[in-house]
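Asker: Build me a model:
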Amino acid sequence: MAVHLSADTRAPAATPPKYLFGQLADFLMLGGSAFLILPVLYFVPLRYEGLVAATMLFLAYLINYPHFAHSYQLFYRNFGRKLRGDGYDRNLQIRYIFAGIVVPLLMGAFFAYGSITANARLLGNATNAMFFFVGWHYVKQGYGMLMVDAVLKRRFFTDPDKKILLVNSYAVWLFAWLQTNTAVSQGKYLGLEYYTFATPAWLNAIALSAAAASTAATLVMLINRWTRNGGGLPYNGIVAYSASLYLWILIVRMNPLWLLVVPALHSLQYLAVVWRYQSNVERDARDAEKIPQSRILSILGPAYRVRLLEFISAGLLLGGLGFWLIPTALTAIVPYDREVLGSSLFFFIVLIFINVHHYFLDNVMWRRGNPEVSRYLFR
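Answerer: The predicted model follows:
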């Protein structure tokens with residue numbers, strides 16, 4: 001999620017700060033939990049890797065899968081209006097068409113061709129593409145969380161400040177990605193082989209210098225902004241930004257257990273904003289405060305809470321369908337060369353497809369100029 005929003009920097013500083021769910025909840029959900037959990041996991045013996053993996057598999061149902069499903073729920077809601085440009089400017093309309101129709105068709109054609117021709121090498125390249133886009137998505141979401149918290153706290157950044165933050169995001173991400181491609185090596189992902197490639201040493205040196213320089217520039221900018229704001233900054237947003245860039249992208253490979261946990265932490269960060277956004281959408285309905293007639297549903301309170309729970313429940317269901325039931329059914333029904341492509345082809349395809357497509361969806365939804373984001377995210 002990358003929220004590209006601007007706001008009036010002359011807004012009164014005396015405005016009470018707002019939170020998505022509360023000061024402590026925001027800290028933990030936006031990234032603070034990483035600073036608490038990852039150091040502890042660093043000292044956990046690797047013989048417990050199986051236990052951590054099993055725990056993360058369970059949490060995937062509760063956190064990871066719904067986080068992907070929610071992006072589809074939001075993106076394709078009222079999709080006909082978005083295709084027609086009804087309430088959306090021309091640029092945003094084109095983006096919705098491209099991300100919602102063109103991208104999935106192109107990816108579908110790619111995976112269909114690779115599967116029919118049993119081209120394992122071609123399909124394996126999709127793994128590298130996923131790692132590329134996932135890292136990009138992580139840092140853009142971290143930046144977006146900082147912008148959200150800045151607006152909520154009325155602690156705005158100038159356009160030059162934002163450029164520094166963005167340049168640093170991309171510099172750190174690019175350096176981290178290049179570090180996974182320092183030499184030609186072979187790996188396996190859900191039964192399919194993929195290959196990294198050797199990047200020249202001079203390119204890695206330049207990337208390291210750029211990441212270090214942009215990090216230093218970011219620190220100087222934050223100190224200056226702290227001084228000008230009278231000792232105030234959107235601290236939860238800075239925590240989210242720092243966790244996304246440095247913990248989840250740059251140093252995550254230091255410990256295998258971290259690789260298992262970070263996707264859930266990233267998803268939790270995403271859910272904090274989506275649940276707040278959807279809660280505001282439901283509160284906007286005329287009968288939002290009406291108590292349901294059902295005795296069971298009335299326990300949950302006003303109607304908007306019931307509908308928010310329905311939204312979250314739908315995400316759980318869609319996540320289970322997308323990541324487990326559908327690929328399981330396809331594996332049982334659709335014939336393909338299992339000797340070449342392995343027994344988990346459709347799990348591989350679904351995982352790569354959703355991860356990459358998720359980046360394109362978010363890049364459209366959470367943009368400046370999207371009327372829905374402007375209306376509901378900061379209420």
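Asker: Pull out the buried residues from the helix ranked longest in the chain.
Answerer: Assignment by DSSP state H gives helix 120-153 as the longest helix of the chain. Using 16 or more other C-beta atoms under 10 Å as the test for burial, helix 120-153 gives 120, 123-124, 126-128, 130-153. The C-beta positions use only the backbone N, C-alpha and C, and glycine is treated the same way.
Asker: Determine the set of other helices and strands touching that helix.
Answerer: Applying 3 or more C-beta pairs under 8 Å, 6 or more residues apart in numbering; DSSP states H and E, one finds that helix 120-153 contacts helix 103-116, helix 159-179, strand 185-189, strand 192-196, helix 235-242, helix 256-283, helix 338-341, helix 345-365.
Asker: rerun that using 7 Å as the cut-off
Answerer: Applying 3 or more C-beta pairs under 7 Å, 6 or more residues apart in numbering; DSSP states H and E, one finds that helix 120-153 contacts helix 159-179, strand 192-196, helix 235-242, helix 256-283, helix 345-365.
Asker: and those as JSON lines, adding distance to residue 31, mean pLDDT and mean neighbour count?
Answerer: Compiled in JSON lines, those are given as follows (distance: least, C-beta to C-beta, whole Å; pLDDT from 0 to 100; neighbours: other C-beta atoms under 10 Å):
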{"stretch": "helix 159-179", "distance to residue 31": "14", "mean pLDDT": "94", "mean neighbour count": "18"}
{"stretch": "strand 192-196", "distance to residue 31": "28", "mean pLDDT": "70", "mean neighbour count": "17"}
{"stretch": "helix 235-242", "distance to residue 31": "4", "mean pLDDT": "96", "mean neighbour count": "24"}
{"stretch": "helix 256-283", "distance to residue 31": "6", "mean pLDDT": "92", "mean neighbour count": "21"}
{"stretch": "helix 345-365", "distance to residue 31": "17", "mean pLDDT": "93", "mean neighbour count": "21"}
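Asker: Among the ones you listed, which comes closest to residue 59?
Answerer: Distance to residue 59, taken as C-beta to C-beta, is lowest for helix 256-283 among those, at 4.9 Å.
Asker: contacting residues for residue 41?
Answerer: Residue 41 makes contact with 255, 257, 258, 261 under the criterion C-beta atoms under 7 Å, 6 or more residues apart in numbering.
Asker: Repeat the analysis, applying 6 Å as the threshold.
Answerer: Contacts for residue 41 (C-beta atoms under 6 Å, 6 or more residues apart in numbering) come out as residue 257.
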